[in-house]
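Chemist: Next comes the sequence, and after it the predicted model I'd like to discuss.
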Amino acid sequence: MCALVLVMVVVYAAFMTRLTINGTGNITSTWSIEITSITSSITGTAYNISEPSYNSTSATFNAGLRKPGDKIEYSITIKNSGSVDAIINEVNIKTTGSYVIIYTIEEIQNQERLTSGASKTFKIIVEFDREATSIPSDTTKELIMDIECIQDDGQQLTPSDPNIDNEDTGKPTLVNAILKNNQAQSDENINFIYTSEQDGTKGLYYTNTNTEDNKTTYYFRGAVENNYVSFAGFYWRIIRINEDGTVRLIYQGTTPTATGNEATIGSSEFNTNSHDNAYVGYMYGTPGSSTYEETHSNINNSTVKGVVDTWYKNNLLNNYSAYIADSGVCGDRSLFTGTGVGATNETSYGPYKRLNAGTGDREPQFSCPQSNDLYTTSSSNKGNKALDYPIGLITADEVAYAGGSANSENNSNYLNSSVGWTMSPYELHWVPDEYIAVNFTELTTNNVHNSAGIRPVINLKSTVEITSGDGTSSNLYVIKTANF
């Protein structure tokens, strides 16, 4: 049978047929998303400096606003004139100019379907801020809106508001006032072995070294006299403009020039207990644990945190929390030596390495080495989310940036009005005792079960405005709130 099969293959292989198929592919669909109209509706004494105009891919308007409350509402229609279903994938908006001109975008989102033949009308409202009390020097504000459309392949969509990048000019925010009233200097030549009194440094400095995501922060150093703030019925000193644009303040008292205990909210132990590495934390885990994670988890409040939280609840929570940002405060428990566990394991922590006199060059940092040590509330998108309220203490690193140095007294430092705790663990000796950097005139240490002053630290939102002031003690920056 095998022989028969072979014969058959040979015989039939003598015949051959070739089939040829010819064809042409044609695109019969069309892709066309276009602007089809722009109209305007005027309120008050506003007017169109020139009539709104458009072509298939762009639209232009030029609004004239004469007084607060004037506004023009522009309705713009786009249409999918093609045969392919589309998605409004991304709406990017950039505004630049006067803070009293407000743009509002309505009835359009990212990730929105625009089927073949369908039209979409959205609104751009331009308004002269009805709460404006004066006409600023900058009287224009430009808007650029970019709408990206892509083919709809049936993908799952997640609608969201347009992406808005708003750059106001002339707005009397605290941030703008600080930058306007100070000539910021690079800190690249500062040697942090020396105090600000020893090297003569004074003023507003900036750096993007050892900062969060290498972003720029501006900080005050030395015996500056123009970083006073009045907020919530208390007086504060500005530590720095944070990397995210918020402003960090430290409590100064009920008078601008308070000193000693008057510049604190009171005194307390850092932690009533002390014989375990756990107690170096602003929050801490389970004393006696065998692992670092259990020891330094954030499940218990330190004694000092309880005092700070109570003060926030009584003084800031109800009327002023809307102005306070959740930028976080760092209590760095990263290890330099030791295991950070138990009562007999001698340990030194990150601040010791960076700031102690016996470890060589000093290199403070604004960034927080460990997410578990960046204290934030549950509403934050970063940090440990363990705080009840967005308040804490200054870090030892920030004291160094302000002009302090380990074991070197400094009487020329805006923080030298009192002695108080920082957030920064120092070490645990075999004794055992924990230490924490404490003194604002001289960066030194204190046992956590001893008592020291408390100067709370908060972060104000980047959008917070001032009503007056130049930052001096006689003409403080006064924060604009609903209560003032």
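Modeler: Sure thing, it's come through. Numbering: from 1, shown residues only.
Chemist: longest strand of this structure?
Modeler: Looking across the chain with DSSP state E, the single longest strand is strand 86-98.
Chemist: tell me the mean pLDDT over it?
Modeler: Mean pLDDT, computed over strand 86-98, is 92.
Chemist: list the buried ones in it?
Modeler: Residues 86-88, 91, 93, 95, 97-98 are the ones in strand 86-98 that count as buried (16 or more other CB atoms under 10 Å). All C-beta atoms are positioned from the backbone trio N, CA, C, and that covers glycine.
Chemist: and the angle for the next helix or strand after it with strand 86-98?
Modeler: Later in the chain than strand 86-98, the nearest helix or strand by DSSP states H and E is strand 101-106. Between strand 101-106 and strand 86-98, the angle comes out at 170 degrees (axes from the mean of the first three to the mean of the last three CA atoms, to 10 degrees).
Chemist: Direction included, what does the longest strand of the chain pair up with?
Modeler: Sheet pairing for strand 86-98, assigned by DSSP bridges, gives strand 112-114 (antiparallel), strand 141-151 (antiparallel), strand 163-169 (parallel).
Chemist: Which stretches in the stretch 301-450 of the chain count as strands?
Modeler: 329-330, 335-337, 347-349, 374-375, 425-428, 434-437, 445-447 (DSSP state E, counting those that start in this stretch).
Chemist: which other helices and strands contact the second one?
Modeler: Contact analysis of strand 335-337 by 3 or more CB pairs under 8 Å, 6 or more residues apart in numbering; DSSP states H and E lists strand 347-349, helix 350-355 as its packing neighbours.
Chemist: now the first one, how far from the centre of its chain.
Modeler: Mean-position distance between strand 347-349 and its chain equals 29 Å (CA atoms, centre = their mean, to the nearest Å).
Chemist: What strands flank that strand, and is each parallel or antiparallel?
Modeler: By DSSP bridges, strand 347-349 pairs with strand 335-337 (antiparallel), strand 425-428 (antiparallel).
Chemist: pLDDT averaged over the host helix or strand of Y206, what's the number?
Modeler: Using DSSP H and E, Y206 sits in strand 203-207. For strand 203-207, mean pLDDT rounds to 97.
Chemist: switch to numbering from 25
Modeler: All right, first residue 25 from here; so that's strand 227-231.
Chemist: still on that earlier bit, any chance of the strands paired with strand 371-373 in a markdown table, plus mean pLDDT, mean neighbour count and distance to K337?
Modeler: Shown next, in a markdown table, are these (pLDDT from 0 to 100; neighbours: other CB atoms under 10 Å; distance: least, CB to CB, whole Å):
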| stretch | mean pLDDT | mean neighbour count | distance to K337 |
| --- | --- | --- | --- |
| strand 359-361 | 94 | 16 | 34 |
| strand 449-452 | 87 | 27 | 26 |
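Chemist: Indicate which one of the ones you listed is closest to N295.
Modeler: strand 449-452 (10.8 Å; CB to CB).
Chemist: Other residues contacting that closest one?
Modeler: With CB atoms under 8 Å, 6 or more residues apart in numbering as the contact definition, strand 449-452 has outside contacts at 301, 304-305, 355-357, 362, 367, 369-376, 380, 420, 458-461, 469.
Chemist: circling back to that earlier point, and the longest strand of the chain, how far out from the chain's middle?
Modeler: So, by CA atoms, centre = their mean, the centroid of strand 110-122 is 22 Å from its chain's centroid.
Chemist: then it to CSV, C-alphas only?
Modeler: Extracted in CSV, the C-alpha atoms of strand 110-122 (Å, rounded to 0.1, in the frame of the first residue of the first chain):
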residue,chain,number,x,y,z
ALA,A,110,-14.2,59.5,18.1
ILE,A,111,-13.2,60.2,21.7
ILE,A,112,-12.4,63.6,23.2
ASN,A,113,-9.3,62.1,24.7
GLU,A,114,-7.6,65.0,26.5
VAL,A,115,-8.5,68.7,27.1
ASN,A,116,-5.5,70.8,28.1
ILE,A,117,-6.0,74.4,29.2
LYS,A,118,-3.2,76.9,29.9
THR,A,119,-4.1,80.3,31.3
THR,A,120,-1.5,83.0,32.0
GLY,A,121,-2.1,86.6,33.3
SER,A,122,-4.0,88.8,35.7
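Chemist: May I see the ChimeraX selection of the buried members of the contacts of strand 449-452?
Modeler: To isolate the buried members of the contacts of strand 449-452 in ChimeraX, using 16+ other CB under 10 Å:
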select :301,304,305,355,356,357,367,369,371,372,373,374,375,376,380,420,458,459,460,461,469
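Chemist: picking up where we left off before, Throw the strands of the stretch 325-474 of the chain into a markdown table and include distance to N499, thanks.
Modeler: Listed next are the strands of the stretch 325-474 of the chain as a markdown table, based on distance: least, CB to CB, whole Å:
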| stretch | distance to N499 |
| --- | --- |
| strand 353-354 | 29 |
| strand 359-361 | 44 |
| strand 371-373 | 41 |
| strand 398-399 | 33 |
| strand 449-452 | 38 |
| strand 458-461 | 33 |
| strand 469-471 | 36 |
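Chemist: for these, which one sits closest to E286?
Modeler: Taking the strands of the stretch 325-474 of the chain one by one with CB to CB, strand 469-471 is closest: 20.2 Å.
Chemist: Show me what the closest one pairs with in its sheet, parallel or antiparallel.
Modeler: Strand 469-471 is paired, per DSSP bridges, with strand 458-461 (antiparallel).
Chemist: any idea of the mean pLDDT for the strand it pairs with?
Modeler: Per-residue scores along strand 458-461 average to 50.
Chemist: Can you name the residues that contact the closest residue in space to S448 that isn't next to it in sequence?
Modeler: Leaving aside its chain neighbours, S448 sits nearest to A420 (3.6 Å; criterion: CB to CB, 6 or more residues apart in numbering). A420 makes contacts with 375, 379, 388, 446-448, 450, 461, 467, as judged by CB under 8 Å, 6+ apart.
Chemist: where does the stretch 275-424 of the chain dip in pLDDT?
Modeler: In the predicted model, the stretch 275-424 of the chain carries pLDDT under 70 at residues 381-384.
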